[in-house]
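[1] would you be able to build a 3D model of this:
(one chain, ligands or ions: 1)
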Amino acid sequence: MSMPSAVARRIKSSACFFICLLMLFFVFQARGAAGEIPDIIYYNGRIITLDKSEKIVEAVAVLNGKFLAVGKDAEIRKLAGSATRMVDLGGKTVVPGLIDAHTHPVETMYLSSDFVNCRYPGVPSVKQALRNITDSVKTAKKGAWIFAACVSASQTKFTEKRMPTLAELDSVSSDNPLVVLDGTHLFVANSKALEALGVKKGMTKLPHGGGIVLDKEGNPNGTLTDAFADVPSKLTPAQLAHFFTTDIQKFWNSYGFTSILGITQGDVVPVLQKVASGGYKPTLRYSMSVWKAANGEDMPDDLSVFAFPAGTDPDYYRFTGIKAWVDGENDARTGLMNSPYLGHKDTDPVGGKGSQVTSLNQAVRLAQIAQKNGVICMLHCSGDKAMDIGMNAYDTICAAGKPKHLFRIEHFGVFQMSANQLDRAVKLYKEGLRISVQPTWLLILAKSDIEDMGLERASTGFRFRSMVDAGIEPAAGTDVTGVYLENTNPMKAIYATVTRNSDAGKFGPEQALTVTEALKMWTIWAALSMGEEKLKGSIEPGKFADMVVLSADVLSIPPEQLINVKALKTIVAGNIVYEAK
Ligand SMILES: [Zn+2]
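    Now for the predicted structure:
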């Protein structure tokens, strides 16, 4: 072998090696550092990522249910392999999968299927409500419980400006126990129901924390406050399992939701645990928060009973928190306030300042249990006094050392919020306080807030601009329970948040948020409030490939049109799980 040809061969082979290296480099470049080929590419979209830089991209690549890459059409499309499925978004606007950060999935299915419909405005009066109940009583089995659903604040909405009375309920149902819900915080029961619940003269509390309102002579007047844990449920395990595997996910997916923080009664948990451990993969990610008695009294010290069994897929099922109610709710005039509600209704708890359900000590105990078990404590606080009690409880937790886990106040500042309370929340936020709010209520409760509290107090509610500017990142939740199914539509909430339109006209227009901020309430801030911001809430490589394709470009349409925007496609783990007809 001559020298020159050996050198030439060596040069040739090293050139070959170099070219091969270069080719490999380009292949790896195109397929990501790990050389991964996406399962699916969605392209030709206007994709609002809501990442830190708030960038808008055209395409996303998905691998194993997570985003692999996001960017311009050209750069993402070249990642495709021969088996990659290509989906044209047709230029549509896409946002991260929506997260309902406070909701009641089981109650929603139960109330919407099984309850007599007495919902305003379809049912405008007590008179009509009684007629509807009478029709149901006729076909009910003797002795069976009958439940009727009225929307929140019906005591201000019905023509008669009150709820039906005990005597009226007795006149339509003397043999069947009957309970009429005013939202979910105030019930009016007939004599049969009071008897079945063991309510007697002079009694003010039910065994699971519900309150009993008495007349001047000390007799129960039919009104029960926060008695949801005391009233029997007719649901069977089979019905519950059906809810979790069919109805719930279908319903939330149809509004663009891909995750919920579902709040549920402890007895329901074994059914969901069974569904989850059986390997069932839902189209909605369930993060669950559990309540026992309304005041948290019977919450066990060891919460492992609520955890999902080993082997359950944590991408779909998580045990996230525990909940108690510090008070009722201002729309039922049961939210705990420092000063009384205006006027008087027969359904008002004694003193006219609402009702306290959970004491400071009980709230502290619940927060301690949550910290010890590594889950989120959720305290429902509606009235200004309840918010103080909630924050006092968390101050006690913080005084014992830096909290290890998040803790939340539900409905923070929705009805009332003083400047001092906002300051306190900002300080607590740094220790792990997260808040959830319900913007949709602007559309249905602003008017009753003004009637019940007066304009000055009512105007301290719904101050989302102040919250966002103070940096406390409010998470939005529908808080839907089935008394008002339309509340589930997040676009209604976004419309109200941006336009400040309410059932009492423009409500504090200076408190309006931008569309991007309103979207963050339902995505990244919702994820933050659940401690899941590394997994979801924005469209970024590594996060779950959850998205919604919208019917309009929410960033450019006139704000008044936001209410008409619909979810066209809901995508979970890269797969289309809902498509509008
Ligand atoms: Zn709720």
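[2] who does the closest residue to Thr225 other than its chain neighbours bridge with?
    Counting by CB to CB, 6 or more residues apart in numbering, Thr225 lies nearest to Gly211, which is 3.8 Å off, once chain neighbours are set aside. C-beta here means a position set from N, CA and C on the backbone, and glycine is covered the same way. With DSSP bridges as the criterion, Gly211 is bridged to Lys205, Thr225.
[3] any idea whether the residue most central in space within the chain is helix, strand or coil?
    Closest to where the C-alpha atoms of the chain average out (CA atoms, centre = their mean) is His102, at 2.4 Å. The three-state label given to His102 by DSSP: H, G, I helix; E, B strand; the rest coil is strand.
[4] wait, it touches Pro474, no?
    No - applying CB atoms under 8 Å, one finds His102 not in contact with Pro474, separated by 10.9 Å.
[5] what's the overlap in contacts for those two?
    Ser436 (CB atoms under 8 Å, 6 or more residues apart in numbering).
[6] helices of the stretch 151-300 of the chain, start to end?
    For the stretch 151-300 of the chain, the helices defined by DSSP state H, counting those that start in this stretch cover 154-157, 166-172, 191-196, 237-242, 248-253, 269-277.
[7] okay, the residue nearest to the centre of the chain: pLDDT?
    With respect to pLDDT, His102 scores 98.
[8] and the closest residue to Gly328 other than its chain neighbours, how far is that from Trp325?
    Among residues not flanking Gly328 along the chain, Thr334 sits closest, at 2.4 Å (CB to CB, 6+ apart). With distances taken as CB to CB, to the nearest Å, Thr334 is found 10 Å from Trp325.
[9] who's Val437 bridged to?
    If you apply DSSP bridges, the partners that Val437 bridges to are Ala476.
[10] neighbours around it, how many?
    By other CB atoms under 10 Å, the residues close to Val437 number 30.
[11] confidence score at it?
    With respect to pLDDT, Val437 scores 98.
[12] list the contacts for it?
    Going by CB under 8 Å, 6+ apart, Val437 touches 411-414, 462, 464, 467, 474-477, 521.
[13] narrow the residues you listed to those in strands?
    Here DSSP state E is the test, and these give 475-476 as lying in strands.
[14] closest one to Thr264 out of the contacts of Val437, please.
    Gly477 (13.9 Å; CB to CB).
[15] identify the residues contacting the nearest residue to the closest one once chain neighbours are set aside.
    Leaving aside its chain neighbours, Gly477 sits nearest to His102 (2.7 Å; criterion: CB to CB, 6+ apart). The contact partners of His102, taken as CB under 8 Å, 6+ apart, are 261, 263, 378, 410, 436, 438, 475, 477-479.
[16] any chance of JSON lines for those residues, columns distance to Trp252 and neighbour count?
    Formatted as JSON lines, the contacts of His102 follow (distance: CB to CB, whole Å; neighbours: other CB atoms under 10 Å):
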{"residue": "Leu261", "distance to Trp252": "11", "neighbour count": "29"}
{"residue": "Ile263", "distance to Trp252": "14", "neighbour count": "25"}
{"residue": "Met378", "distance to Trp252": "19", "neighbour count": "30"}
{"residue": "Glu410", "distance to Trp252": "19", "neighbour count": "28"}
{"residue": "Ser436", "distance to Trp252": "16", "neighbour count": "27"}
{"residue": "Gln438", "distance to Trp252": "16", "neighbour count": "24"}
{"residue": "Ala475", "distance to Trp252": "16", "neighbour count": "29"}
{"residue": "Gly477", "distance to Trp252": "12", "neighbour count": "29"}
{"residue": "Thr478", "distance to Trp252": "9", "neighbour count": "30"}
{"residue": "Asp479", "distance to Trp252": "13", "neighbour count": "27"}
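[17] compute the first-to-last residue distance for stretch 172-186.
    Using CA to CA, to the nearest Å, the end-to-end distance of stretch 172-186 comes out at 20 Å.
[18] what mean pLDDT does that stretch get?
    On average, stretch 172-186 scores 93.
[19] with stretch 340-358 instead?
    Mean per-residue pLDDT for stretch 340-358: 94.
[20] next one: phi and psi at the residue nearest to Gly328?
    phi -120, psi -10 (degrees, to the nearest 10).
[21] for the one 3 residues further on, same thing?
    Torsion angles at Met337 (phi, psi; degrees, to the nearest 10) stand at phi -120, psi 160.
[22] what mean pLDDT does stretch 510-517 get?
    98.
[23] okay, it in PDB with CA atoms only?
    C-alpha atoms of stretch 510-517 as PDB (Å, rounded to 0.1, in the frame of the first residue of the first chain):
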ATOM      1  CA  GLU A 510     -61.700  50.300  37.400                       C
ATOM      2  CA  GLN A 511     -61.300  46.700  38.700                       C
ATOM      3  CA  ALA A 512     -61.300  45.200  35.200                       C
ATOM      4  CA  LEU A 513     -58.600  42.800  34.100                       C
ATOM      5  CA  THR A 514     -57.100  42.200  30.600                       C
ATOM      6  CA  VAL A 515     -58.100  39.100  28.700                       C
ATOM      7  CA  THR A 516     -54.600  37.600  29.300                       C
ATOM      8  CA  GLU A 517     -54.900  38.100  33.000                       C
END
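[24] buried residues in it?
    By neighbour count with 16 or more other CB atoms under 10 Å, stretch 510-517 contains the buried residues 511-513, 515, 517.
[25] which of those residues fall in helices?
    When the buried residues of stretch 510-517 are checked against helices (DSSP state H), the matches are 515, 517.
[26] joint contacts of Thr334 and Trp325?
    Common neighbours of Thr334 and Trp325 (CB under 8 Å, 6+ apart) are Asp226.
[27] may I ask which helix or strand encompasses Ile37?
    Using DSSP states H and E, Ile37 is not contained in any helix or strand.
[28] from Asp88, how far off is it?
    19 Å.
[29] for Ala446, same thing?
    42 Å.
[30] neighbour count winner among those two?
    In terms of neighbours (other CB under 10 Å), Ala446 is the more surrounded of Ala446 and Asp88; the figures are 24 against 11.
[31] backbone torsions only: list them for the nearest residue to the more buried one once chain neighbours are set aside.
    Leaving aside its chain neighbours, Ala446 sits nearest to Ser502 (3.7 Å; criterion: CB to CB, 6+ apart). Dihedral pair for Ser502: phi -140, psi 180, per degrees, to the nearest 10.
[32] in terms of pLDDT, where does Ser502 sit?
    For Ser502, pLDDT reads 98.
[33] identify the residues contacting it.
    Here Ser502 is in contact with 442-443, 446-447, 496 (CB under 8 Å, 6+ apart).
[34] swap in 7 Å and give it another go.
    By CB atoms under 7 Å, 6 or more residues apart in numbering, the contact list for Ser502 reads 442-443, 446, 496.
[35] where's Arg131 relative to Asp331, distance?
    Going from Arg131 to Asp331 by CB to CB gives 24 Å.
[36] more neighbours: which of these two?
    Under the neighbour definition other CB under 10 Å, Arg131 and Asp331 were set side by side, and Asp331 has more, 26 against 13.
[37] ok, that one - contacts?
    Contacts of Asp331 (CB under 7 Å, 6+ apart): 152-153, 183, 445, 448.
[38] just put the residues you listed in a markdown table and tack on distance to Ala61.
    Formatted as a markdown table, the contacts of Asp331 follow (distance: CB to CB, whole Å):
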| residue | distance to Ala61 |
| --- | --- |
| Ser152 | 44 |
| Ala153 | 48 |
| Gly183 | 45 |
| Leu445 | 43 |
| Ser448 | 49 |
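[39] wait, Asp327 sits on Ser359?
    No - using CB atoms under 7 Å as the test, Asp327 is too far from Ser359 to be in contact (11.2 Å).
[40] more neighbours: which of those two?
    Asp327 (31 against 15).
[41] any idea how far Val357 is from that one?
    6 Å.
[42] also Met378?
    Met378 sits 14 Å away from Val357, going by CB to CB.
[43] follow-up on the earlier one: nearest to Tyr43 among the contacts of Asp331?
    Using CB to CB, those come closest to Tyr43 at Leu445, 42.4 Å.
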